[in-house]
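1. when you get a sec, could you give me coordinates for this:
(chains A, B, C and D)
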2 protein chains.
Amino acid sequence: MPAHLTLEDIGRLAGVSRSTVSRVVNQQANVNPAVRDRVEEVIKRTGYAPNRAARSLVSGRSGIIGLVIPSRVHTVFDDPYFPRLIQGISSAANETRTTLSLFLFQSEREEEELYPRIITSGYLDGLIVTATRMADPLLAQLSSGDLPVVVVGRPDVDGVSYVDADNRNGGALAADHLCGLGYQRIGLLGAPTSTTAGVDRTTGFVEGLARNGRALDPRLRVDGDFTDSGGYAAMEQLIEQRPDAVFVASDTMAHGALRALRGAGLSVPDDLALISFDGFPASETSQPPLTVIHQPATRAGEEALHLLNALIAGAEPPLKKILPVDLVVRDSTEPRQP
Amino acid sequence: MPAHLTLEDIGRLAGVSRSTVSRVVNQQANVNPAVRDRVEEVIKRTGYAPNRAARSLVSGRSGIIGLVIPSRVHTVFDDPYFPRLIQGISSAANETRTTLSLFLFQSEREEEELYPRIITSGYLDGLIVTATRMADPLLAQLSSGDLPVVVVGRPDVDGVSYVDADNRNGGALAADHLCGLGYQRIGLLGAPTSTTAGVDRTTGFVEGLARNGRALDPRLRVDGDFTDSGGYAAMEQLIEQRPDAVFVASDTMAHGALRALRGAGLSVPDDLALISFDGFPASETSQPPLTVIHQPATRAGEEALHLLNALIAGAEPPLKKILPVDLVVRDSTEPRQP
DNA sequence: CTGAAAGCGCTAACAC
DNA sequence: GTGTTAGCGCTTTCAG
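-> Model (predicted):
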């Protein structure tokens, strides 16, 4: 058995030319059924598979898309968000026979060195970029090229395609929930305002308070950095101000916050109510189970790939998709005794 | 600016032939320094990057390796192990200018359909396969081909290259620790024996008990399935037998076990001591912080890529690497009062 | 319906 | 040192 069968080989074995074999491999119409069967038999028997490099050279398409996760999300995998996102992208990729390449940058240096070659080497049909920050330099580099791109999370510039959860509405829903339950000293453990997600969740939360006739007391707001320990530290600060309810802008920070509360001997929701954002499985088994604004991270991944495929097929950017979030009430909030 | 610059274009711009350009791009020696400079200037100015498909067609190498995570680890990302492994592989790949493609199978169907084309389509230089089970059919399919492969975790067949943590020694260390502290009714919340990791950790643990003059009481052993809820369920069973210390074969299961203990009103380590396997960050912030056998998951990923690169470069399989584990004592175990 | 032929961008002899 | 040439395996006109 040769290292690599070619169209020519199959053709010889089936007594036809390479063109005909190519036609049956690519499921084209104009082939005599009898010939087709014969060729297919040979293909099956020999286990022939077309050489992707050759195909890609002539077609200009690789069937590969890239997923870029920048260095600043180094702790990337300590937040369940990214794994879920990847799972969504991967699942949609499998369905559309697309191969997913992962570019996980672990430092600024890697990012600066690798990113340019990724976008120019021309073996990617498109790119999904996550976790862009405000004024992201990566995005800037991209816009100059002609590589189809979709960003996960709202970018702060126009003209680029993206999919995002409805962070703003999520923040508002959290405010509604807390206000509706009768909490009075409502605080915010925010996500970093260097991210659009952070900005949007906070904006929505403030708007939600406003439509309930409330305002956010600046002393009751501390921002975290999306990490568990950041949530811990922020909550330690917050409790000095004695809030009776807090909206924590991510599950991971909420788990840190919970530890801080436990450490301070405060009980949830009796001493302090908590509502979180994300709603990943761990929020259900925490102590107590958390009331959350749930966002569909896996679905965001799927949608991102679908948008990208559309772009690759020729759709005009920007394509946009905002995914709904919803309130899931569990034990960390409860009607406030008057 | 054309969609895609070619060697020919650069040659024309620099007043040389495409071969010369190729030589400077590939850093070959026989080029007049002056010419080299001129060509390099043009390349920089135009932002030329070689077409990978063309390169790969002629060289037979793609510079892409695949990482396969089978369907049965569907919950893959609820265990911090895989993210860390991926991070290690990715980091080593970035260093060696290798591109990492991710194949996350979410169902048996996807696996059966995609796997054959992955290994035959010839656009991968090599493959890293994780989480193989006993008698893994994926492995069987692989051994027939000539694609370099390294498995993460000890496979149950000979002749295949792999990297693994020293699970057996880890189990033994756990036993030593518990025995040394004076615990009497020592139990095991094991990993599934359908995995070599499960088998090895259990074997090592039993051997460790033996060298301390102990045996594992079968009633004090319940196996979990590597999940949080599995750990919860298994611990619920175990506590009926009143062990005074338990070796839990993974962090994730340990967290489930901890919830079960809390639910039963038992305190750790007073009522029951716990030692876990993995030692990921969450084991440090749990209540109480867990004594663990730590395994270097990120490093396993790096080593896997290095072995694979060696194989691709022509090394003779099987290549093997066993990574050391070590005991980290925290609060979930303590000297037993006699 | 099928074959012959050209060419995708690159590398690697082989000449000069 | 540098240019010319012949493919790598495939798709795609273009004839027949």
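
2. show me where chain A has its helices.
-> Under the criterion DSSP state H, chain A contains helices at A:7-14, A:18-25, A:33-46, A:52-59, A:81-95, A:108-120, A:137-144, A:167-181, A:196-211, A:228-239, A:251-263, A:282-285, A:297-312.

3. kindly reformat these as JSON lines containing mean neighbour count.
-> Every residue, glycine included, has its C-beta placed from N, CA and C. Listed next are the helices of chain A as JSON lines, based on neighbours: other Cβ atoms under 10 Å in any protein chain shown:
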{"stretch": "helix A:7-14", "mean neighbour count": "18"}
{"stretch": "helix A:18-25", "mean neighbour count": "18"}
{"stretch": "helix A:33-46", "mean neighbour count": "15"}
{"stretch": "helix A:52-59", "mean neighbour count": "18"}
{"stretch": "helix A:81-95", "mean neighbour count": "23"}
{"stretch": "helix A:108-120", "mean neighbour count": "16"}
{"stretch": "helix A:137-144", "mean neighbour count": "15"}
{"stretch": "helix A:167-181", "mean neighbour count": "23"}
{"stretch": "helix A:196-211", "mean neighbour count": "21"}
{"stretch": "helix A:228-239", "mean neighbour count": "22"}
{"stretch": "helix A:251-263", "mean neighbour count": "23"}
{"stretch": "helix A:282-285", "mean neighbour count": "17"}
{"stretch": "helix A:297-312", "mean neighbour count": "22"}
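
4. OK, contacts around the nearest residue to residue A:298 once chain neighbours are set aside?
-> Nearest residue to residue A:298 in three dimensions, chain neighbours excluded: residue A:88, at 3.9 Å (Cβ to Cβ, 6 or more residues apart in numbering or on different chains). Residues near residue A:88 by Cβ atoms under 8 Å, 6 or more residues apart in numbering or on different chains: A:297, A:298, A:299, A:300, A:301, A:302, A:303, A:304, A:305.

5. which one among those residues gets closest to DNA strand D?
-> Nearest to DNA strand D among these, counting by Cβ to the nearest atom of the strand, is residue A:305 at 22.8 Å.

6. what distance do you get for the nearest residue to that closest one once chain neighbours are set aside to DNA strand D?
-> Leaving aside its sequence neighbours, residue A:305 sits nearest to residue A:92 (Cβ to Cβ, 6+ apart; 3.9 Å). Using Cβ to the nearest atom of the strand, to the nearest Å, we find residue A:92 at a distance of 23 Å from DNA strand D.

7. wait, residue A:92 sits on residue A:302?
-> Yes. With contact defined as Cβ atoms under 8 Å, residue A:92 reaches residue A:302; the gap is 4.2 Å.

8. tell me the bridge partners for whatever residue of the stretch 151-300 of chain A ends up closest to DNA strand D.
-> Residue of the stretch 151-300 of chain A nearest DNA strand D, by Cβ to the nearest atom of the strand: residue A:161 (25.9 Å). Applying DSSP bridges to residue A:161 yields these beta-bridge partners: residue A:150.

9. that one reaches residue A:312, doesn't it?
-> No. Counting by Cβ under 8 Å, residue A:161 stays clear of residue A:312, with 11.3 Å between them.

10. re earlier: mean pLDDT added to the helices of chain A, as a markdown table?
-> Below are the helices of chain A laid out as a markdown table (pLDDT from 0 to 100):
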| stretch | mean pLDDT |
| --- | --- |
| helix A:7-14 | 94 |
| helix A:18-25 | 94 |
| helix A:33-46 | 94 |
| helix A:52-59 | 93 |
| helix A:81-95 | 93 |
| helix A:108-120 | 84 |
| helix A:137-144 | 77 |
| helix A:167-181 | 98 |
| helix A:196-211 | 98 |
| helix A:228-239 | 97 |
| helix A:251-263 | 97 |
| helix A:282-285 | 94 |
| helix A:297-312 | 97 |
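
11. to residue B:236, which of these lies closest?
-> Nearest of these to residue B:236, taken as Cβ to Cβ: helix A:282-285 at 14.1 Å.

12. what about that closest one, distance to the chain center?
-> 20 Å (Cα atoms, centre = their mean, to the nearest Å).

13. output the contacting helices and strands for that helix.
-> On a contact count with 3 or more Cβ pairs under 8 Å, 6 or more residues apart in numbering or on different chains; DSSP states H and E, helix A:282-285 meets helix A:251-263.

14. since that was my last question, I'll sign off now.
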